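Student: Could you work out the structure for the sequence below:
(2 chains)
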There are 2 protein chains.
Amino acid sequence: MAKLVECVPNFSEGRRPEVIEAIVAEVRKNKEVKLLDVKPDASHNRVVVTFVGEPQAVKQAAFAACAKAAELIDMEKHQGEHPRVGATDVVPFIPVSEVTLEECVELANELGREIADKLNIPVYLYEAAAKTPARKNLPDVRKGQYEGLKQEISQPERRPDYGPAKMHPTAGATVVGARQFLIAYNINLNTSDVTIAKNIANTIREAKGGYRYVRAMGVMLEERNIAQVSINMLDYTGTPLHRVFETVKSEAARYGVNVIGSEIVGLTPLQALLDAAEFYLRFEGFDRKQVLETNLSDD
Amino acid sequence: MAKLVECVPNFSEGRRPEVIEAIVAEVRKNKEVKLLDVKPDASHNRVVVTFVGEPQAVKQAAFAACAKAAELIDMEKHQGEHPRVGATDVVPFIPVSEVTLEECVELANELGREIADKLNIPVYLYEAAAKTPARKNLPDVRKGQYEGLKQEISQPERRPDYGPAKMHPTAGATVVGARQFLIAYNINLNTSDVTIAKNIANTIREAKGGYRYVRAMGVMLEERNIAQVSINMLDYTGTPLHRVFETVKSEAARYGVNVIGSEIVGLTPLQALLDAAEFYLRFEGFDRKQVLETNLSDD
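Tutor: Below is the predicted model of the structure:
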């Protein structure tokens, strides 16, 4: 299998279908990337586009879409419920297979430079690509939104990482970064006592001293009358699925409760599941190239 | 991920590199299939070729290679240690992903008819494609080899499934069929007592009343001074890896022995590992399309 990066840019247009389509067309016409999803939201006035491919192809498609958004979206006229600072609001690169997070950081830097140089748009780097801790979290970078940042952009602590310390007159600013793939993962318990799910969630979530990269809460599944530990795995390479699953099983047993099952919501990189198989079957010297399907792309 | 079939034809030439290359070139020039392996054996005077692709493309590549073998190999002059009945000796189709064994049986029939009609070579169907139990096992079909079959082919019980009841003057006969992917799987024990591995092998192998589709034996790994249960999984869709692994673990415990690890030798279809992850993580409603990488082939 080839090197594979996911890119999930958010554009500040969720109402005019022809503008959304023009932006998405820039991705679609790149035959080296695969468009996976387009999710427009009218009340947010925003569209989330998901595509994957080899690193350089993904970067090129992302730039083409950014350029088109800069051409068609005017932030002076933009209104919507979701926080935003620019026509292309945020562009994260996410490693999927055979690619490191560091390579995605480099890709974010390359795209940031290109957006600044060719489109004259100020660019901020966030998450794993952030150059200072103050810019790690997206809400901090986006503070004040388009209107507020326009006033503050020339202040030293708000100067962009690339490009002019001045908002683009229509396209605003863009935030580019890299992060791990987020896996939405739920574990179901054979109890209708949601307190147990909440207690277990507290044992695994980072905020309470549990596993790093884990967010969790206990919720009730009313239709099945069972409690669920609902989890966001922020970095499955740091804290794997099986470790969280086994801990939930063990903590549940303390209440005399069993794990009925678990579910992945949406997509997961293959590696997260191979890691689970490797752990449970106690593989020695396993190489993902032993998976027949991973031998098919490159010649 | 697209429908994927593996084809592993065996040709009766392992000594003349230019003939081997001419046959393999027929596969390589088909851009819709991916050549995975070419294993010539001079003492067997035979070459095993492995390639994968979508069903129809794989069948076309297989036919092209068969036609080339019929052109370049003369069974009247062929000598080698391995049993064989023709220039293209045997052609199995193996489901890898999104394809059933039944579809591979149909593919075997299509190829068999094509070889008979266009090349005038008698074709026998074996394994899952066999029309009678007597032709299920390859050694039975190949009984007497090229020289013996040449004498007996007109007898009612030895007539081919397709084509003339008469050997092709140079290419002989060809055996075509379908079978499941064979996974070579070993489980290592923390004991140097090979008797324990042999006893455990006997509990899981079909021949002794264990699991269907499982062949197993106990062997000693001298270099590590540990015993190993060495297994051939003949159909991982019927008896999955995790079931065999858990049984070996449980049987080993009866001797106070632990499983150190396991290993897959060579390739495995992705599904076999997804099945293990699904079992251990107790997935509810998991669909392999949730694996991001499986969404990439088809547009």
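
Student: can you pull the contacts of the residue lying closest to A:Ala128 once chain neighbours are set aside?
Tutor: Using C-beta to C-beta, 6 or more residues apart in numbering or on different chains and skipping the chain neighbours, the partner closest in space to A:Ala128 is A:Ala178 (4.4 Å). Any C-beta I mention is one placed from the backbone N, CA and C, and that applies to glycine too. A:Ala178 makes contacts with A:92-95, A:101, A:104-105, A:107-108, A:127-129, as judged by C-beta atoms under 8 Å, 6 or more residues apart in numbering or on different chains.

Student: I'd say A:Tyr162 and A:Asn120 touch.
Tutor: No: if you go by C-beta atoms under 8 Å, A:Tyr162 and A:Asn120 don't touch, sitting 10.7 Å apart.

Student: Go ahead and confirm A:Ile153 touches A:Arg159.
Tutor: Yes: at 7.1 Å, A:Ile153 counts as touching A:Arg159 under the criterion of C-beta under 8 Å.

Student: Neighbour count for A:Tyr162 and A:Asn120, which is higher?
Tutor: Comparing A:Tyr162 with A:Asn120 by other C-beta atoms under 10 Å in any protein chain shown, the one with more neighbours is A:Tyr162, at 19 against 14.

Student: Specify the beta-bridge partners of that one.
Tutor: Beta-bridge pairing for A:Tyr162 (DSSP bridges): A:Val123.

Student: Tell me how far it lies from chain B.
Tutor: The gap separating A:Tyr162 from chain B is 29 Å, by C-beta to the nearest C-beta, to the nearest Å.

Student: which ones are touching that residue?
Tutor: A:112-113, A:115-117, A:122-123, A:125.

Student: helices and strands around the helix or strand harbouring A:Glu106, which ones?
Tutor: Element membership for A:Glu106 (DSSP states H and E) is helix A:101-119. Packing partners of helix A:101-119 (3 or more C-beta pairs under 8 Å, 6 or more residues apart in numbering or on different chains; DSSP states H and E): strand A:4-7, helix A:55-72, strand A:88-97, strand A:123-127, strand A:174-178.

Student: So which of those is the most surrounded?
Tutor: When you average the neighbours per residue for each of the helices and strands packed on helix A:101-119 (mean count of other C-beta atoms under 10 Å in any protein chain shown), strand A:174-178 leads with a mean of 28.

Student: Okay, now the sheet partners of it, with direction.
Tutor: strand A:88-97 (parallel), strand A:123-127 (parallel).

Student: Contacts for the last one next, please.
Tutor: Same thing as strand A:123-127. The list of residues contacting strand A:123-127 from outside it, by C-beta under 8 Å, 6+ apart, reads A:85, A:90, A:92, A:108-109, A:112-113, A:115-116, A:131, A:135-138, A:141, A:160-163, A:173-179.

Student: what separates that strand from the chain centre, distance-wise?
Tutor: Distance, stretch centre to chain centre, for strand A:123-127: 14 Å (C-alpha atoms, centre = their mean, to the nearest Å).

Student: In which helix or strand does the residue sitting furthest away from the middle of chain A reside?
Tutor: Ranking residues of chain A by C-alpha distance from their mean position (C-alpha atoms, centre = their mean) puts A:Gly256 at the top, at 36.3 Å. For A:Gly256, there is no enclosing helix or strand under DSSP H and E.

Student: Dihedrals phi and psi, it?
Tutor: phi 70, psi 20 (degrees, to the nearest 10).

Student: Now do the contacts for it.
Tutor: So A:Gly256 contacts nothing (C-beta under 8 Å, 6+ apart).

Student: Out of the strands paired with strand A:174-178, flag the one nearest B:Leu221.
Tutor: strand A:88-97 (32.2 Å; C-beta to C-beta).

Student: the inter-axis angle of the closest one versus helix A:101-119?
Tutor: 150 degrees (axes from the mean of the first three to the mean of the last three C-alpha atoms, to 10 degrees).

Student: measure A:Met75 to B:Lys3 for me?
Tutor: 47 Å (C-beta to C-beta, to the nearest Å).

Student: Show me what the closest residue to A:Met75 other than its chain neighbours bridges to in the sheet.
Tutor: In space, and not counting its chain neighbours, A:Met75 is closest to A:Gly172: 4.1 Å by C-beta to C-beta, 6+ apart. Beta-bridge partners of A:Gly172, counted by DSSP bridges, are A:Gly86, A:His168.

Student: my read: A:Gly172 touches A:Ile115, true?
Tutor: No: with contact defined as C-beta under 8 Å, A:Gly172 and A:Ile115 do not form a contacting pair (11.6 Å).

Student: anything in contact with each of those two?
Tutor: Common neighbours of A:Gly172 and A:Ile115 (C-beta under 8 Å, 6+ apart) are A:Ile121.

Student: List the residues that contact the closest residue to A:Ala61 other than its chain neighbours.
Tutor: Residue nearest to A:Ala61 in three dimensions, not counting chain neighbours: A:Asn30, with 4.3 Å by C-beta to C-beta, 6+ apart. Counting by C-beta under 8 Å, 6+ apart, A:Asn30 touches A:53, A:57, A:60-61, A:64.

Student: Next: A:Ile94.
Tutor: Applying C-beta under 8 Å, 6+ apart, the residues near A:Ile94 are A:5-8, A:104, A:178-181.

Student: try 6 Å
Tutor: Residues in contact with A:Ile94 (C-beta atoms under 6 Å, 6 or more residues apart in numbering or on different chains) are A:6, A:181.

Student: Model confidence for it, exactly?
Tutor: You'll see A:Ile94 listed with a pLDDT of 98.

Student: Over to A:Ser297?
Tutor: pLDDT, read off for A:Ser297, is 68.

Student: cool, A:Ala2 as well?
Tutor: pLDDT, A:Ala2: 84.

Student: burial count for it?
Tutor: Using other C-beta under 10 Å, A:Ala2 is surrounded by 16 other residues.

Student: Next: A:Glu152.
Tutor: 12.

Student: Now it. Nearest residue, chain neighbours left out?
Tutor: A:Arg158 (4.7 Å).

Student: how close does that neighbour sit to A:Ile204?
Tutor: Note on A:Arg158: its distance to A:Ile204, by C-beta to C-beta, is 36 Å.

Student: Among those two, which residue is more densely surrounded?
Tutor: Set side by side, A:Arg158 and A:Ile204 show more neighbours around A:Ile204, with 23 against 20, by other C-beta under 10 Å.

Student: how about the more buried one, what does it touch?
Tutor: Counted by C-beta under 6 Å, 6+ apart, A:Ile204 has contacts A:210-211, A:214, A:216, A:244, A:247.

Student: Look at it and report its pLDDT.
Tutor: 97.

Student: which phi and psi does it have?
Tutor: Note on A:Ile204: backbone dihedrals following degrees, to the nearest 10 are phi -100, psi -20.

Student: Compute the number of surrounding residues for the nearest residue to it once chain neighbours are set aside.
Tutor: In space, and not counting its chain neighbours, A:Ile204 is closest to A:Gly210: 4.2 Å by C-beta to C-beta, 6+ apart. As a burial measure, A:Gly210 scores 19 neighbours (other C-beta under 10 Å).

Student: likewise A:Gly144?
Tutor: Count around A:Gly144 with other C-beta under 10 Å applied: 14.

Student: now do A:Ser250
Tutor: Per other C-beta under 10 Å, the neighbour tally for A:Ser250 reads 12.

Student: Which of the three states applies to it?
Tutor: Counting by DSSP: H, G, I helix; E, B strand; the rest coil, the backbone at A:Ser250 sits in helix.
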